[in-house]
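**Student:** Dropping the sequence and predicted coords here.
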Amino acid sequence: MERHGVTLSTGVATNTKAEPLASVIERADAAIDDAKQAGRNTVVFA
């Protein structure tokens, strides 16, 4: 059986009820881009 390595880079955003969902998604998307730029196995919180 072959073994394959797995890496994960992700962005995480939290919100309040006052913030529109579209804004939260935009921040999470930007955090994902930042995580990808930072390298493997990175989590960026927005």
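**Tutor:** Good, I have the coordinates.
**Student:** okay, CA-based contacts and neighbour counts for the rest of this
**Tutor:** Will do.
**Student:** For the protein, which residue occupies the most central location?
**Tutor:** By C-alpha atoms, centre = their mean, the chain has its centre lying nearest to residue 11, at 1.2 Å.
**Student:** all strands of the protein, in order?
**Tutor:** Secondary structure of the chain (DSSP state E): strands at 9-12, 42-45.
**Student:** so who does residue 38 touch?
**Tutor:** Residue 38 makes contact with no residue, according to C-alpha atoms under 8 Å, 6 or more residues apart in numbering.
**Student:** measure it to residue 12 for me?
**Tutor:** Taking C-alpha to C-alpha, to the nearest Å as the measure, residue 38 falls 15 Å from residue 12.
**Student:** cool, residue 42 as well?
**Tutor:** Relative to residue 12, residue 42 is positioned 11 Å away (C-alpha to C-alpha).
**Student:** do the same with residue 2
**Tutor:** 32 Å.
**Student:** burial of residue 30, as a residue count?
**Tutor:** Neighbour count for residue 30, taken as other C-alpha atoms under 10 Å: 18.
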